[in-house]
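S.K.: Sequence plus the predicted model coming up.
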Amino acid sequence: MTVMPRPSILSVEPYVGGESKIPGVNRIVKLSSNEGAFGPPPGAIEAIRAMATEAHRYPDGNGTALRAAIGARFGLDPARIVVGNGSDELLALLILAYGGEGTELVMSAHGFMMYDITGRWAGCRIIKVPEKNLTTDVDGMLAAVGPRTRLMFLANPNNPTGSILPQSEVERLRAGLPDEVLLVLDSAYAEYVTQPGYDAGAKLVDASGTMVNGRAIGTTVMTRTFSKIFGMGGMRLGWCYAPASVIDVLGRVRGPFNVNAAAMAAGIAALAEKGWIEKSVAHNTEWRATMRDALTAAGIKVWPSEGNFLLADFGTPAKAKAADDALKMRGLIVRAMGGYGLASCLRITIGTTEECTMVIEALTAFMHG
């Protein structure tokens, strides 16, 4: 007899990250995983080095100093912050705690793949709602909610499309959900947003349980990460801000030492790096627009983006594959989007000035070749 896992586990296809190597190519420019253009802040690098001599010590299981630093940087109550081994861990813990067999998880059709993977792992039925112009359809999301729905995930801005919902639409989504549905706002790319009036989710988290027109606003959780603007994807550090009731649940299910000491020290140092966010946002805003305009001029459709990446649409899967191959010939690795149901598209991270220029030159030559 063979020991078998739950059937839902076998429906999961393992997550495949962005490529990082090209056989026979010496210099690689990796623009496939939306990593920060400048790498980690200098202070974070020094903090990681300094922690090497303390590697035999267990970390603070409560992440007290890091939570205080996050709270101070973003004006949030540290008691309502939980840190995790990347925001992926926190997303998984939320799904396992509030979902499971017999429940439903609602997400947009081209939402972040980990919602689907972890949801099926937990035994949830996954409902993917078609989008309008690669943007979450609020009415469609609300219509998909049924008596077994317990979780709804919204990445805002969304990965991989780069699209964003205005604050009024996010609030309308929350207002239309039943109280028993937990809304998770994945704000991994929040720092890059330039849209006026944008809120990463703290307002709705704070509003959870308050009364409006005789009805309590439902529960919302916001997740964030150090992997993008702070360039610390390799350290695996994320956090969430949530109502006290959710914080209590996460405290019961997370591992006692789920974040390593070096990651926490680096996170504290990154938050203290003066001008880092401003410098990174300015660069991203400039080169996101420059690359968008250049690729559009070359004849490539570029979807609007509020992240640190662009979704370039080549019209057909064959042309997208040819463009990907042309980029690889020059050592440029971007992300093919077939796994997201967008086989005619490539997702391109906004890298350094040199790297963005290389992409523009390569794709312009491809389109005119």
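M.R.: Structure's in. What do you need?

S.K.: And for Thr149, the neighbour number?
M.R.: 21 (other C-beta atoms under 10 Å). The C-beta positions use only the backbone N, C-alpha and C, and glycine is treated the same way.

S.K.: who's in contact with it?
M.R.: 103-106, 127, 178, 181 (C-beta atoms under 8 Å, 6 or more residues apart in numbering).

S.K.: is it possible to export these to CSV including distance to Asp313?
M.R.: Listed next are those as CSV, based on distance: C-beta to C-beta, whole Å:
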residue, distance to Asp313
Thr103, 35
Glu104, 31
Leu105, 28
Val106, 26
Ile127, 25
Pro178, 36
Val181, 33
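
S.K.: Just send those back as a markdown table, with neighbour count too.
M.R.: Output for the contacts of Thr149, formatted as a markdown table (neighbours: other C-beta atoms under 10 Å):
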| residue | neighbour count |
| --- | --- |
| Thr103 | 17 |
| Glu104 | 20 |
| Leu105 | 28 |
| Val106 | 29 |
| Ile127 | 18 |
| Pro178 | 12 |
| Val181 | 20 |
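
S.K.: What about the residues you listed, which are in strands?
M.R.: When the contacts of Thr149 are checked against strands (DSSP state E), the matches are 104-106, 127.

S.K.: Residues contacting the strand or helix carrying Asp324, please?
M.R.: Asp324 belongs to helix 317-329 when assigned by DSSP states H and E. Under the criterion C-beta under 8 Å, 6+ apart, residues 22, 25, 312-314, 333-334, 336-338, 343-346, 359, 362-363, 365-366, 369 lie in contact with helix 317-329.

S.K.: Please pick the buried ones from these.
M.R.: 22, 312-314, 333-334, 336-337, 344-346, 359, 362-363, 366 (16 or more other C-beta atoms under 10 Å).

S.K.: Sort out for me which of those are in strands.
M.R.: Those of these lying in strands (DSSP E): 312-313, 333, 336, 345-346.

S.K.: farthest-separated two in the residues you listed?
M.R.: Spatially, the most separated pair among those is Asp313 and Ile333, at 18.8 Å (C-beta to C-beta).

S.K.: Who are the contact partners of Trp276?
M.R.: 41, 229-230, 270.

S.K.: that older thread, identify each buried residue in the helix holding Asp324, please.
M.R.: By neighbour count on 16+ other C-beta under 10 Å, the buried set for helix 317-329 is 320-321, 323-324, 326-328.

S.K.: so how far is it off the chain centroid?
M.R.: Between the centre of helix 317-329 and the centre of its chain there are 25 Å (C-alpha atoms, centre = their mean, to the nearest Å).

S.K.: what's the closest of the buried ones among the contacts of helix 317-329 to Pro243?
M.R.: Met337 (34.9 Å).

S.K.: What's opposite the nearest residue to that closest one once chain neighbours are set aside in the beta bridge?
M.R.: Excluding the flanking residues, the one nearest Met337 by C-beta to C-beta, 6 or more residues apart in numbering is Cys345, at 4.3 Å. Note on Cys345: beta-bridge partners by DSSP bridges are Asp313.

S.K.: Could you check the pLDDT of Cys345?
M.R.: On the pLDDT scale, Cys345 is placed at 98.

S.K.: can you pull the contacts of it?
M.R.: Contacts of Cys345 (C-beta under 8 Å, 6+ apart): 160, 303, 311-314, 320, 337.

S.K.: same thing but at 7 Å, please
M.R.: Residues near Cys345 by C-beta atoms under 7 Å, 6 or more residues apart in numbering: 311-313, 320, 337.

S.K.: now those residues in a markdown table, with distance to Met211 and pLDDT?
M.R.: As requested, these are exported to a markdown table (distance: C-beta to C-beta, whole Å; pLDDT from 0 to 100):
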| residue | distance to Met211 | pLDDT |
| --- | --- | --- |
| Leu311 | 40 | 98 |
| Ala312 | 46 | 98 |
| Asp313 | 45 | 98 |
| Ala320 | 50 | 98 |
| Met337 | 43 | 97 |
